[in-house]
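Chemist: Based on what follows, work out the 3D shape:
(chains A and B)
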Amino acid sequence: MAYSNKVIDHYENPRNVGSLPKDDVNVGTGLVGAPECGDVMKLQVKVNPETGIIDDAKFKTFGCGSAIASSSLATEWLKGKTVEQALAIKNTQIVEELALPPVKIHCSVLAEDAIKAAIADYKAKQEAGKPAGANAQPQPPA
Amino acid sequence: MKLPIYMDYHATTPVDPRVIEAMMPYFTETFGNAASRNHPFGWAAEEAVEKARKQVADLIGANAKEIIFTSGATESNNLAIKGVAEMYREKGNHIITCVTEHKAVIDTCKKLEKQGYRVSYLPVQKDGRISLDELSAAITDKTILITIMTANNEIGVLQPIAEIGAIAKEKGILFHTDAVQAAGKIPFNVNDLKVDLVSISAHKMYGPKGVGALYVRRRNPRVLLSEQISGGGHERGMRSGTLNVPGIVGLGKAAELCRTEMASDAARLRQLRDYLNEGLHKNLDELYINGSMEHRLPHNLNISFAYVEGESLLMGINDVAVSSGSACTSASLEPSYVLKALGAGDDLAHSSIRFGLGRWTTKEEVDYVIGKLTNVVKRLREMSPLYEMVKEGVDLSKMQWVTH
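Modeler: Sure thing, here's the model as predicted:
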């Protein structure tokens, strides 16, 4: 398997590895994949309550080099985006940026899922934090 | 020390310079066709082939007449299994094998199933070995062949070949073993083990690629095979085709070297392998050895580094050539079927590394591999959500995972 230089760079110098306090109401956590499939991504966003902008993002990934690179890249892209802008990130953009081969496209799909799951968790927390009767909507599964 | 380091001797081995030296004249001066009976060019080639036949036979305690040269172990396995199946079709249609066999055996059996044969695939126990009780229970009056490998190519686990041989003999069933990983590495005697057919490959024992052998027993019982490659009737009619004289000479020389150097090679490699294992265990926690350590080739180690995915591990040690059972390193995107068969869970299969040590492995190389792997595993665990969860006390087996 030949890797693109960008994948190797993210693998060797992953951006934003780590964890944010998952009980913080402004932090959304997405955990996707499964150990028996060989890929698990945990992606977290921290949204500034004043501006609605993601001002921090962290990840931890169990998976191949392309999975690590996809999640590392995702955290880079998330910072500075609004929640709605974050939801617009598509796996195909990750494929293109990292020059992923066809067998590694699922890594980018997983990263998109992780973003969506993290945002969904954040929104659910925000809804739960509102007074009763607020417009609480169930979140679709990631 | 030269980089990259080769530690994948189960995949293939370099040709020993002494083997190349033995082969060289047979490309040029002594280039004859071993089947040319009417001139000295042919006689010289035939003499070389017969010498090699004896060298291969001596390695496994056989008679030279019982060695058939082939293009490699895949062909040997095909010839043994299909050859017996066709030849003994009237006697029965049932074959017994095992789930952790090499694909050259499994896929051959699958093909025979399509042709109306019945195949039993024995499971393996946690240690990678079959149960003799399950083998006995699988035997029917239609069973014509048992084919069980001597040593597994991924986990190096040795099957109880002598015990299987005794059962097969008692029931009058032919017994084939794929001994590719074991031949030349550990003592192997066809009469002590009571095997009837044995597959061997040159390139796994410091010989050239593209040549192998099949041992076919001639006495008690005399095994007959239906030929799979038809033609000029070479190799007692069991395998036609002009003999690959230089390759066969190489296989012969490789077999001789393995026989004379087996004891010292095996002792040295066992020590290095154990040193590798202990070094990794000293530096890292949560390592799981796949398969029996007791019944294992001396030069094999297969370890799962929990919470770290195999391909990312290989990426981090890119100046060390090893293999992983991870799905991402295989064409099929499925983790190793051998490791899955051990029942340890797919997650550990994804985290596995196979080390194969060999004739030119040095202690310095092993030290380098220990150091490098330690750093990479630690770094990747810091990055692993699974490792973090386990350290927080989460039971991963009780998690609800969002799968695709």
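Chemist: what's the helix or strand for the spatially most central residue of chain A?
Modeler: Centroid check for chain A by CA atoms, centre = their mean gives A:Ile115 as the closest residue, at 3.2 Å. Using DSSP states H and E, the element containing A:Ile115 is helix A:105-129.
Chemist: Work out the gap between that helix and the centre of the chain.
Modeler: Counting by CA atoms, centre = their mean, to the nearest Å, helix A:105-129 is centred 6 Å from the centre of its parent chain.
Chemist: So what pairs up with the closest residue to A:Tyr122 other than its chain neighbours in the strands?
Modeler: Once flanking residues are discounted, A:Tyr122 sits nearest to A:Gly28: 2.6 Å by CB to CB, 6 or more residues apart in numbering or on different chains. For glycine as for every other residue, the C-beta is placed from the backbone atoms N, C-alpha and C. Beta-bridge partners for A:Gly28, by DSSP bridges, are A:Val45.
Chemist: give me the number of residues near A:Gly28?
Modeler: The number of residues packed near A:Gly28 is 28, by other CB atoms under 10 Å in any protein chain shown.
Chemist: can you give me the strands in the chain?
Modeler: Just so you know, I chose chain A. Taking DSSP state E as the test, the strands found in chain A are A:27-34, A:39-47, A:54-62.
Chemist: if you could check chain B rather than the one you did, that'd help
Modeler: Under DSSP E, chain B gives strands at B:5-6, B:67-70, B:94-98, B:118-122, B:143-147, B:174-178, B:197-201, B:212-216, B:287-289, B:300-305, B:320-321, B:323-324, B:352-356.
Chemist: dump the residue contacts of B:Ser226.
Modeler: B:82-83, B:86-87 (CB atoms under 8 Å, 6 or more residues apart in numbering or on different chains).
Chemist: Specify which residues of chain A, grouped into ranges, have pLDDT under the cut-off.
Modeler: Within chain A, the ranges that satisfy pLDDT under 70 run A:1, A:130-142.
Chemist: near chain B, which residues of it?
Modeler: Neighbours of chain B within chain A, by CB under 8 Å from any CB of the partner chain: A:1, A:3, A:8, A:11, A:14, A:17, A:19, A:31-42, A:60-65, A:67-68, A:103, A:106, A:109-110, A:113, A:117, A:141-142.
Chemist: Buried only: go through the residues you listed for me.
Modeler: Buried members of the residues of chain A next to chain B, scored by 16 or more other CB atoms under 10 Å in any protein chain shown, are A:3, A:11, A:14, A:17, A:31-42, A:60-65, A:67-68, A:106, A:109-110, A:113, A:117, A:142.
Chemist: report the longest helix in chain B, please.
Modeler: helix B:245-283 (DSSP state H).
Chemist: top of the contacts of B:Ser226 by neighbour count?
Modeler: Within those, B:Gly83 tops the neighbour count with 24 neighbours, counted by other CB under 10 Å.
Chemist: mean confidence for stretch B:35-42?
Modeler: Averaging pLDDT along stretch B:35-42 yields 96.
Chemist: Same check on stretch B:143-151?
Modeler: The pLDDT scores in stretch B:143-151 average 98.
Chemist: Likewise for stretch B:71-80?
Modeler: On average, the pLDDT along stretch B:71-80 is 98.
Chemist: For that stretch, what is the distance to the chain centroid?
Modeler: Its chain's C-alpha centre and that of stretch B:71-80 lie 12 Å apart, by CA atoms, centre = their mean.
Chemist: List the buried residues for that stretch?
Modeler: B:71-80.
Chemist: Can you tell me which of those comes closest to chain A?
Modeler: Lowest distance from chain A to the buried residues of stretch B:71-80 (CB to the nearest CB) belongs to B:Thr74, with 24.2 Å.
Chemist: pLDDT below threshold where in the stretch 301-404 of chain B?
Modeler: For the stretch 301-404 of chain B, residues meeting the criterion pLDDT under 70 lie at B:327-333, B:403-404.
Chemist: Just give the closest residue to the residue of the stretch 101-250 of chain B found nearest chain A, not the sequence neighbours.
Modeler: Nearest residue of the stretch 101-250 of chain B to chain A: B:Glu154, at 16.7 Å (CB to the nearest CB). The shortest distance from B:Glu154 to any non-neighbouring residue, by CB to CB, 6+ apart, is to B:Val338 (4.5 Å).
Chemist: what's B:Gly291 in contact with, if anything?
Modeler: Per CB under 8 Å, 6+ apart, neighbours of B:Gly291: B:127-128, B:152, B:155-157, B:302, B:342.
Chemist: if I look at it, how far off is B:Asn302?
Modeler: 6 Å (CB to CB, to the nearest Å).
Chemist: what are the bridge partners for the nearest residue to A:Leu78 once chain neighbours are set aside, then?
Modeler: Once flanking residues are discounted, A:Leu78 sits nearest to A:Ala57: 4.1 Å by CB to CB, 6+ apart. Beta-bridge pairing for A:Ala57 (DSSP bridges): A:Val45.
Chemist: Nearest to B:Gly116, out of the strands of chain A?
Modeler: Smallest distance to B:Gly116 across the strands of chain A (CB to CB): 39.6 Å, for strand A:27-34.
Chemist: so what secondary structure elements neighbour that closest one?
Modeler: Where contact means 3 or more CB pairs under 8 Å, 6 or more residues apart in numbering or on different chains; DSSP states H and E, strand A:27-34 is packed against strand A:39-47, helix A:105-129.
Chemist: cutoff 10 Å now
Modeler: In this structure, strand A:27-34 makes packing contacts with strand A:39-47, strand A:54-62, helix A:65-78, helix A:105-129, helix B:385-391, judged by 3 or more CB pairs under 10 Å, 6 or more residues apart in numbering or on different chains; DSSP states H and E.
Chemist: Please could you give me each C-alpha atom of that strand, formatted as PDB?
Modeler: This file holds the C-alpha atoms of strand A:27-34, laid out as PDB (Å, rounded to 0.1, in the frame of the first residue of the first chain):
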ATOM      1  CA  VAL A  27     -18.400  19.700  24.100                       C
ATOM      2  CA  GLY A  28     -19.800  17.200  21.600                       C
ATOM      3  CA  THR A  29     -18.300  13.700  21.400                       C
ATOM      4  CA  GLY A  30     -18.700  11.300  18.500                       C
ATOM      5  CA  LEU A  31     -17.500   7.700  18.800                       C
ATOM      6  CA  VAL A  32     -17.900   5.700  15.600                       C
ATOM      7  CA  GLY A  33     -16.700   2.400  14.200                       C
ATOM      8  CA  ALA A  34     -16.000  -0.900  16.000                       C
END
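Chemist: just the angle between that strand and helix A:105-129, please?
Modeler: Here strand A:27-34 runs at an angle of 140 degrees relative to helix A:105-129 (axes from the mean of the first three to the mean of the last three CA atoms, to 10 degrees).
Chemist: how much does strand A:27-34 deviate in direction from strand A:54-62?
Modeler: When the same axes, to 10 degrees is applied, the directions of strand A:27-34 and strand A:54-62 differ by 20 degrees.
Chemist: Run the chain-centre distance for strand A:27-34.
Modeler: Relative to its parent chain, strand A:27-34 has a centroid offset of 7 Å by CA atoms, centre = their mean.
Chemist: now swap in stretch B:86-105 and tell me
Modeler: So, by CA atoms, centre = their mean, the centroid of stretch B:86-105 is 18 Å from its chain's centroid.
Chemist: and that stretch, which residues are buried?
Modeler: The neighbour-count check on stretch B:86-105 (16+ other CB under 10 Å) flags B:86-88, B:92-98, B:100-102, B:104-105 as buried.
Chemist: Which parts of chain B are helices?
Modeler: Secondary structure of chain B (DSSP H): helices located at B:17-23, B:40-59, B:73-87, B:103-114, B:132-138, B:161-171, B:190-193, B:245-283, B:310-316, B:337-341, B:346-350, B:363-382, B:385-391.
Chemist: before we move on, back to that, packing partners for the helix holding A:Ile115?
Modeler: Applying 3+ CB pairs under 10 Å, 6+ apart, one finds that helix A:105-129 makes contact with strand A:27-34, strand A:39-47, strand A:54-62, helix A:65-78, helix A:83-87, helix A:91-98.
Chemist: ok so, going back, make TSV out of the helices and strands packed on strand A:27-34 and add distance to B:Val49.
Modeler: Listed next are the helices and strands packed on strand A:27-34 as TSV, based on distance: least, CB to CB, whole Å:
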stretch	distance to B:Val49
strand A:39-47	52
strand A:54-62	53
helix A:65-78	48
helix A:105-129	51
helix B:385-391	56
